[in-house]
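Chemist: What shape does this take:
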Amino acid sequence: MNNTDLCTSIHDVLESQQGDFLKYLTVKEVCILQHISKTHSFCKWSKIEIDRRYQNWLKTCSKAWGVGIPVVTSGFGHKSVDDIPLLESTIRTLENIAKNMSGGLEIFLHNRESGAPPQPELFAYGKNVRYTTLGDEYESIPIVAMFDIYCDGKHMWNGVRPIVNEEIGNISFPINDDYDDESESSDIWIGATYIELFFSNSLGDKTDEATYHPFSPNNSRPNRYLISTDAEDIRTWTINLSFLTEKSKETLVRSVDIRPDEILNHICMMSQWDDQESALLESEEDLNGVILNEKVKRCSGFHWMWKEGTKIMVLSEENKLTECSLDDNDFDICFWLDERDPSKRRFHVTTGFSCENTLLAGMILNGR
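Modeler: Down below sits the predicted model:
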């Protein structure tokens, strides 16, 4: 079959089904067929399909504009949490993210389906290589953190989380790894940023009767877990974090794979559950009026599993490429086991993301 016959066949199918079969294709496949066909009919139906997916994303994406933090100078101009109505200003912000900052709806939606592209190739022998970073502008250029969750490779959830100016540098780390805040002091502290993922529209159950997320600077907890599933789940859940700015294309920052049954087996085998009595006492002080249950266990110290084989390359102030340490630039993941119903044990995940300000300034990003 030559191209003319193929285009005719595509045209006939589109007209007979009114473009209905396009919903079974990926965004990439729709774009490829559009490039092959180049007919007015296909362009019309593919545009309708892309717009349908975008409108669906507008309705289902989870939005967090910095919980409890006034947004004034970040360029997003709106204070909100996830379950606010889609106000006009919110829609304009989302459209700016999806259409303008991403380089078009097709690219944006493709990145949701297939994952954001990783950092660019950093070396080209015999050629001058230019690196895109935010540099000194990292505090003034709006950064959007995109969180995507996949289950066995299928896209399940997307969260939009602009990092506002008031959050940059909201925590700090001692430069001395052996520093103990009870016995000694550190003269040098590294400015860092903590991004809380408090989305009420997530893939998780409600966090009723659970202790707080211990990595949160405010010792608080979200209304819902990020992910909830059966404790015996053998599927692989993937959490991706990517950065998107007006200066750079979307770039993958971190990705972790979680298989619930393996995680729980390791935690139980190594007895890594947090001390329940201490966790409950600490939570009672910070979560006034919240009912807690000792049958909802928490593990907050199980990060070594995904450290190996992951690199985040940054450009230092001295213009040297260095590998960013994952000790202070990583997901702060907590795992939970809910045994309130012995016949239906549940596995939960909560997380935030912490990073040194040098990562925001120097991370190698995909250039425009």
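Chemist: need the longest helix for this structure.
Modeler: In the chain, with assignment by DSSP state H, the single longest helix is helix 40-60.
Chemist: Quick one: list the elements packing against that one.
Modeler: helix 3-17, helix 27-37, helix 105-114 (3 or more CB pairs under 8 Å, 6 or more residues apart in numbering; DSSP states H and E). C-beta: built from backbone N, CA, C; applies to glycine.
Chemist: That helix vs helix 27-37, what angle?
Modeler: Counting by axes from the mean of the first three to the mean of the last three CA atoms, to 10 degrees, helix 40-60 lies at 160 degrees to helix 27-37.
Chemist: Can you list the strands that whichever strand or helix holds G352 pairs with?
Modeler: Here G352, judged by DSSP states H and E, is contained in strand 346-356. Strand pairing for strand 346-356, using DSSP bridges, gives strand 189-196 (antiparallel), strand 227-230 (antiparallel), strand 330-338 (antiparallel).
Chemist: Bridged to the residue nearest the centre of the chain, which residues?
Modeler: With distances taken as CA atoms, centre = their mean, the residue of the chain nearest its centroid is F147 (1.8 Å). With DSSP bridges as the criterion, F147 is bridged to G159, L241.
Chemist: give the contact list for it.
Modeler: The neighbourhood of F147, defined by CB atoms under 8 Å, 6 or more residues apart in numbering, consists of N158, G159, R161, L197, I239, N240, L241.
Chemist: May I see those arranged in a markdown table, with distance to N111, neighbour count and pLDDT as well?
Modeler: As requested, the contacts of F147 are exported to a markdown table (distance: CB to CB, whole Å; neighbours: other CB atoms under 10 Å; pLDDT from 0 to 100):
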| residue | distance to N111 | neighbour count | pLDDT |
| --- | --- | --- | --- |
| N158 | 10 | 16 | 93 |
| G159 | 14 | 21 | 90 |
| R161 | 15 | 25 | 86 |
| L197 | 19 | 24 | 78 |
| I239 | 15 | 22 | 94 |
| N240 | 9 | 20 | 94 |
| L241 | 12 | 23 | 94 |
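Chemist: want to throw the residues you listed into TSV with distance to W189?
Modeler: Below are the contacts of F147 laid out as TSV (distance: CB to CB, whole Å):
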residue	distance to W189
N158	34
G159	30
R161	25
L197	24
I239	28
N240	30
L241	24
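Chemist: Alpha carbons of the strand holding G352, in PDB - could you do that?
Modeler: Extracted in PDB, the C-alpha atoms of strand 346-356 (Å, rounded to 0.1, in the frame of the first residue of the first chain):
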ATOM      1  CA  ARG A 346      -3.300  -1.600  52.900                       C
ATOM      2  CA  PHE A 347       0.000  -0.200  51.800                       C
ATOM      3  CA  HIS A 348       0.400   3.600  51.600                       C
ATOM      4  CA  VAL A 349       3.000   6.100  50.300                       C
ATOM      5  CA  THR A 350       3.600   9.700  51.200                       C
ATOM      6  CA  THR A 351       6.500  11.800  50.000                       C
ATOM      7  CA  GLY A 352       7.900  15.300  49.700                       C
ATOM      8  CA  PHE A 353      11.100  16.400  47.800                       C
ATOM      9  CA  SER A 354      14.000  18.200  49.300                       C
ATOM     10  CA  CYS A 355      16.900  19.700  47.400                       C
ATOM     11  CA  GLU A 356      19.800  22.000  47.900                       C
END
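Chemist: picking that back up, looking at the strands paired with strand 346-356, which is buried most?
Modeler: Compared across the strands paired with strand 346-356, strand 330-338 shows the largest average neighbour count, a mean of 23 (mean count of other CB atoms under 10 Å).
Chemist: Contacts for it next, please.
Modeler: In contact with strand 330-338 (CB under 8 Å, 6+ apart) are residues 194, 205, 210, 213-215, 225, 231, 239, 241, 254, 256, 258, 263-264, 267, 273, 295-300, 302-303, 307, 345-355.
Chemist: Which one of the strands paired with strand 346-356 lies nearest to E277?
Modeler: For E277, the closest of these is strand 330-338, at 16.6 Å, according to CB to CB.
Chemist: per-residue confidence averaged over the closest one?
Modeler: Mean per-residue pLDDT for strand 330-338: 90.
Chemist: Against K28, how distant is the closest residue in space to R235 that isn't next to it in sequence?
Modeler: Leaving aside its sequence neighbours, R235 sits nearest to D152 (CB to CB, 6 or more residues apart in numbering; 5.1 Å). Distance of D152 to K28, computed by CB to CB, to the nearest Å: 19 Å.
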